[in-house]
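J.: Here is a sequence with its predicted model. Questions after.
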There are 2 protein chains.
Amino acid sequence: MILEVAVLNVKSGEEARFEAAFSKAGEFIQAAQGYIGHELRHCIGDSSKYLLLVRWVHLEDHTKGFRGSAGYQQWAALLHQFYKPFPQIEYYSEPLDFDVRC
Amino acid sequence: MILEVAVLNVKSGEEARFEAAFSKAGEFIQAAQGYIGHELRHCIGDSSKYLLLVRWVHLEDHTKGFRGSAGYQQWAALLHQFYKPFPQIEYYSEPLDFDVRC
């Protein structure tokens, strides 16, 4: 399992519209092969910044599968208008060290 | 619950020593009040870069509680020597939108 990490800078004043669009866009990434889960969070201290984490089985499930799909076209049509600058995406390995307590 | 996010750039050639040090340092953050969980991941495509995610009950559990503790001194003594530059930390809210499938 790998982790896709994107810091999303949304145009000032567009935050509420972005959040509404994201709630519609989720279904397109959720339908992708290899999708495990995602979370969208708001930055504390910078209201125009968000963090998107997406967990995928394999890197190619994002880079080839989702990006090459019709669902990605819908995702992009809903969301890409809000970003300035366009986000850089990074990918991270399985955890080297982790612990979770509930 | 909030998420602390740190991109860690480790001095080139020091990666193995950093990972060994991190496996010792974990106990100090795990003992902090308000700690929920953490994960350390290696960047795919940049072997000197890591991502540290730490989940806390409250922001202050990190900024005041852990940072003001004796455990933080031990954490810093083990890890800070490896970073160049010193990492910027960001904090993110509860998820606005999320989904997890197992």
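T.: Done, it's in.
J.: Ramachandran angles for the residue most central in space within chain A?
T.: The residue lying closest to the centre of chain A (C-alpha atoms, centre = their mean) is A:L52, at 4.0 Å. Main-chain dihedrals, A:L52, degrees, to the nearest 10: phi -110, psi 120.
J.: Next, the buried residues of stretch A:75-89.
T.: Residues of stretch A:75-89 classed as buried: A:W75, A:L78, A:L79, A:F82, A:Y83, A:P87 (neighbour count, 16 or more other C-beta atoms under 10 Å in any protein chain shown). The way it works is simple: take the backbone N, C-alpha and C, and place the C-beta from them, glycine included.
J.: returning to that earlier point: can you tell me the closest non-neighbouring residue to the residue nearest to the centre of chain A?
T.: Using C-beta to C-beta, 6 or more residues apart in numbering or on different chains and skipping residues adjacent in sequence, the residue nearest A:L52 is A:A6, 4.5 Å away.
J.: quick one: the one you found and A:Q88 touch, right?
T.: Yes - using C-beta atoms under 8 Å, A:A6 is in contact with A:Q88, at 7.5 Å.
J.: got the residues of chain A near chain B?
T.: A:2-3, A:5, A:19, A:22-23, A:26, A:30, A:35-45, A:49-51, A:55, A:59, A:90-102 (C-beta under 8 Å from any C-beta of the partner chain).
J.: Would you mind checking these for buried ones?
T.: Listed as buried from the residues of chain A next to chain B are A:2-3, A:5, A:19, A:22, A:26, A:35-43, A:49-51, A:55, A:59, A:90-93, A:95, A:99; burial here means 16+ other C-beta under 10 Å.
J.: Among those residues, which are located in helices?
T.: Of those, the ones assigned to helices by DSSP state H are A:E19, A:F22, A:G26, A:L59.
J.: Now for the third one: which residues touch it?
T.: Right, the one you point to is A:G26. A:G26 sits next to A:H38, B:D97, B:D99 when contact means C-beta atoms under 8 Å, 6 or more residues apart in numbering or on different chains.
J.: The lengthiest strand in chain A pairs with which strands, and in what direction?
T.: Secondary structure of chain A read by DSSP state E shows that its longest strand is strand A:89-100. Strand A:89-100 pairs in its sheet with strand A:2-9 (antiparallel), strand B:35-43 (antiparallel), by DSSP bridges.
J.: residue ranges with poor pLDDT in chain A?
T.: For chain A, applying pLDDT under 70 flags the ranges A:100-102.
J.: if you set the cut-off to 80 instead, what comes out?
T.: Chain A contains residues with pLDDT under 80 at A:98-102.
J.: Put the alpha carbons of stretch A:69-83 into PDB.
T.: Only the C-alpha atoms of stretch A:69-83 are listed here, as PDB (Å, rounded to 0.1, in the frame of the first residue of the first chain):
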ATOM      1  CA  SER A  69      -9.800   6.800 -16.600                       C
ATOM      2  CA  ALA A  70     -13.000   8.600 -17.500                       C
ATOM      3  CA  GLY A  71     -13.500   9.100 -13.800                       C
ATOM      4  CA  TYR A  72     -10.400  11.200 -13.600                       C
ATOM      5  CA  GLN A  73     -11.800  13.500 -16.300                       C
ATOM      6  CA  GLN A  74     -14.800  14.200 -14.100                       C
ATOM      7  CA  TRP A  75     -12.600  14.600 -11.000                       C
ATOM      8  CA  ALA A  76     -10.400  17.100 -12.800                       C
ATOM      9  CA  ALA A  77     -13.400  19.000 -14.300                       C
ATOM     10  CA  LEU A  78     -14.800  19.400 -10.700                       C
ATOM     11  CA  LEU A  79     -11.600  20.300  -8.900                       C
ATOM     12  CA  HIS A  80      -8.700  21.600 -11.000                       C
ATOM     13  CA  GLN A  81     -10.300  25.000 -11.400                       C
ATOM     14  CA  PHE A  82      -9.800  25.700  -7.700                       C
ATOM     15  CA  TYR A  83      -6.000  25.200  -7.500                       C
END
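J.: Great, nothing more from me.
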